[in-house]
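K.L.:
coordinates only, sequence not included:
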């Protein structure tokens, strides 16, 4: 609340309230310990405010998710149907028409895992970009730490992904992938990916709030990102077979989306073994999450008081 | 807050304690895509190609909604905000709530003023029941608090008087029913500084009476109440002081009767373009 004491001198003293000049008003406010309305809280306060709103964050996410299919006759069945249909389309195009298999064993589980994990990051970032700009009504009506919005949209995408994972498990079992202890690695991998997504979403939310045009640009950026992330093909196969320059293959392999996709494949598919993972995969995955999560949060908080300006 | 010795509040029992101080407040909206050539693509391209990046060239139009407004509100006051449409009443209220950044000047408040209204947080596709929870959480209530007050909220709204409507999606409600539930959710929380934007005019006659009563209750708990309304009667009933805004400027600030008399004379003038001196 130190903002009160560091009030810059008033450049234009307001004459409207004849009895008191501007400086007197500021002095009055300071004397009674009033705080500046809508001022940015300290980082520590901000985190605790956000924690206090955790139930709002999850309820808002669940509400958005349920509202999505509430008009459809099949209702919530679409939560599982949509990812399954998505996987079917990708299989048809990349597996049947283009034949991208290139000797990848268990290609369908490989492809579907890639598509689902990629979609999680993609939709989180897309939703994050619109999180403030698309919810100005909410931002201008109620008080809450604004980071609740991008985080809530990421939680919604996480819930969506859990439905997709249920579909994925069915697909895996259908293709005879054995259930192993490594499936437990799904949990840390998803947790790291969620933190990464939330961080990037917060960065995009701040940029999208000041420049809504970014929302138009993002689909192209994201599609390009998808094609270099090895969603439909194996980065490992490409870099060993085609003798890519070292820089390119390192860049391809440390790309966060590729890291999270590969981790999930390694966790779920038995024929995808540790040798196909880039070196130091877990530290890289954790590093990306840490950098994006902490950096994104602080970057978003820095502009907290400006959200809501149309 | 070392400069704020606690004994100030206790000096004299009838000393006025300020809760909201507005000091030379300017509020400006920026609207994108209104530059010359309207919204055509070639015009937009033209603007981008042009060298100078002044805001006007970039197609941003500034709307000066509130100009240089200053006032002090004290604990226990109920203040009405009046003015013709588009005079900046709601904008000022949002700035007091800290929801809209000010361009110049400062607004100081005691605690966190809150706008009475949760419309934006509610979702038409969800049932009334889930919206009660969602709205309550959005206002910062805990799950336990909402559970405690849930029955009260539903009873107050009267949604279930004609059958079990609370378990239907809100989009199926009539506009009156929706407004009643929204008011009931919003009014379920106690506030330090309460800002009400024309909330009284919702629902049928019996609900209006009930909501006016609830507003009076909220007033007793709240330190200071601001009410925006076009209904001079409800301003007279609830407020003892009135701020009159016209074209974003504070035109008058004083006891309800004085200001309303001037305002009524102003609005009843024969139709000629209103001009602020």
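P.N.:
That came through fine. In this text the structure is predicted, and so the values were computed from the model without any measurement. Numbering: from 1, shown residues only, chains lettered A, B, ... in the order given.

K.L.:
element containing residue B:101?
P.N.:
Assigned by DSSP states H and E, residue B:101 belongs to neither a helix nor a strand.

K.L.:
How about the contacts made by it?
P.N.:
A:38, A:305-306, A:308-309, B:95 (Cβ atoms under 8 Å, 6 or more residues apart in numbering or on different chains). For the C-beta atoms, the positions are set from N, CA and C on the backbone; glycine is no exception.

K.L.:
hmm, 10 Å instead?
P.N.:
By Cβ atoms under 10 Å, 6 or more residues apart in numbering or on different chains, the residues touching residue B:101 are A:37-38, A:305-309, B:27-28, B:94-95.

K.L.:
same question, residue B:29
P.N.:
A:309-310, B:61-66, B:91, B:100, B:103.

K.L.:
Check whether stretch B:147-158 comes near chain A.
P.N.:
No. Shown here: stretch B:147-158 not in contact with chain A (Cβ under 10 Å from any Cβ of the partner chain), separated by at least 11.7 Å.

K.L.:
What sits closest to the spatially most central residue of chain B if chain neighbours are left out?
P.N.:
Centroid-nearest residue in chain B, with Cα atoms, centre = their mean: residue B:197, separated by 4.0 Å. Among residues not flanking residue B:197 along the chain, residue B:228 sits closest, at 4.7 Å (Cβ to Cβ, 6 or more residues apart in numbering or on different chains).

K.L.:
any idea how far that neighbour lies from residue A:148?
P.N.:
Here residue B:228 is placed at a distance of 27 Å from residue A:148 (Cβ to Cβ, to the nearest Å).

K.L.:
try residue A:271
P.N.:
Per Cβ to Cβ, residue A:271 is found 42 Å from residue A:148.

K.L.:
okay, the two: which has more neighbours?
P.N.:
Shown here are residue A:271 and residue A:148; by other Cβ atoms under 10 Å in any protein chain shown, residue A:148 has more neighbours (20 against 12).

K.L.:
can you give me the strands for the chain?
P.N.:
All of this refers to chain A. Using DSSP state E, the strands found in chain A span residues A:35-36.

K.L.:
try chain B instead
P.N.:
B:18-31, B:61-74, B:78-82, B:104-109, B:114-116, B:193-197, B:224-228, B:241-246, B:249-255.

K.L.:
Just the buried residues of the contacts of residue B:29.
P.N.:
A:309, B:65-66, B:91, B:100, B:103 (16 or more other Cβ atoms under 10 Å in any protein chain shown).

K.L.:
so which two of those residues are the farthest from each other?
P.N.:
The most widely separated members of the buried ones among the contacts of residue B:29, counting by Cβ to Cβ, are A:309 and B:66 (13.5 Å).

K.L.:
Now the common contact residues for those two.
P.N.:
B:27-29, B:100, B:103.

K.L.:
Helices of the chain, start to end?
P.N.:
You didn't pick a chain, so chain A it is. Secondary structure of chain A (DSSP state H): helices at A:22-31, A:43-52, A:54-68, A:78-90, A:107-129, A:136-141, A:148-174, A:186-210, A:214-228, A:235-241, A:246-254, A:256-268, A:281-301.

K.L.:
Switch to chain B, please.
P.N.:
Counting by DSSP H, the helices of chain B are B:41-49, B:89-96, B:128-138, B:143-157, B:175-186, B:205-221, B:232-238, B:256-267.

K.L.:
Now tabulate these in JSON lines and tack on distance to residue A:254 and mean pLDDT.
P.N.:
Shown next, in JSON lines, are the helices of chain B (distance: least, Cβ to Cβ, whole Å; pLDDT from 0 to 100):
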{"stretch": "helix B:41-49", "distance to residue A:254": "35", "mean pLDDT": "66"}
{"stretch": "helix B:89-96", "distance to residue A:254": "45", "mean pLDDT": "87"}
{"stretch": "helix B:128-138", "distance to residue A:254": "39", "mean pLDDT": "91"}
{"stretch": "helix B:143-157", "distance to residue A:254": "42", "mean pLDDT": "90"}
{"stretch": "helix B:175-186", "distance to residue A:254": "48", "mean pLDDT": "85"}
{"stretch": "helix B:205-221", "distance to residue A:254": "56", "mean pLDDT": "79"}
{"stretch": "helix B:232-238", "distance to residue A:254": "63", "mean pLDDT": "82"}
{"stretch": "helix B:256-267", "distance to residue A:254": "67", "mean pLDDT": "88"}
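
K.L.:
Out of the ones you listed, flag the one nearest residue B:21.
P.N.:
Using Cβ to Cβ, the nearest of these to residue B:21 is helix B:89-96, at 10.1 Å.

K.L.:
Could you check that closest one against chain A for contacts?
P.N.:
Yes. Judged by Cβ under 10 Å from any Cβ, helix B:89-96 and chain A are in contact via B:90-91, B:94-96.

K.L.:
Buried residues, that helix. List them.
P.N.:
Quick answer for helix B:89-96 (16+ other Cβ under 10 Å): B:89-96.

K.L.:
With stretch B:218-227 instead?
P.N.:
Neighbour counts over stretch B:218-227 (16+ other Cβ under 10 Å) mark B:218-219, B:222-227 as buried.

K.L.:
Check stretch B:173-186 too.
P.N.:
For stretch B:173-186, the neighbour count (16+ other Cβ under 10 Å) marks B:173, B:177-186 as buried.

K.L.:
do stretch B:158-166 as well
P.N.:
Result for stretch B:158-166 [16+ other Cβ under 10 Å]: buried residues B:158-159, B:165-166.

K.L.:
Report the separation between the residue in chain A positioned nearest to chain B and residue A:57.
P.N.:
Proximity of chain A to chain B (Cβ to the nearest Cβ) peaks at residue A:38, 2.8 Å away. For residue A:38, the distance to residue A:57 (Cβ to Cβ) stands at 21 Å.

K.L.:
Was I right to think residue A:40 contacts residue A:302?
P.N.:
Yes. Between residue A:40 and residue A:302 there is a contact under Cβ atoms under 10 Å: 7.9 Å.

K.L.:
With neighbour numbers in mind, choose between those two.
P.N.:
Neighbours were counted for residue A:40 and for residue A:302 using other Cβ under 10 Å; residue A:40 has more, 15 against 12.

K.L.:
quick revisit: want to throw the shared contacts of residue A:309 and residue B:66 into TSV with distance to residue A:120 and pLDDT?
P.N.:
Formatted as TSV, these follow (distance: Cβ to Cβ, whole Å; pLDDT from 0 to 100):
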residue	distance to residue A:120	pLDDT
B:27	40	88
B:28	39	87
B:29	36	83
B:100	34	81
B:103	40	85
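
K.L.:
and of those, the nearest to residue B:127?
P.N.:
residue B:100 (31.6 Å).

K.L.:
could you list every residue that touches the closest one?
P.N.:
So residue B:100 contacts A:37-38, A:139-140, A:308-310, B:27-29, B:65-66, B:90-94, B:107 (Cβ under 10 Å, 6+ apart).
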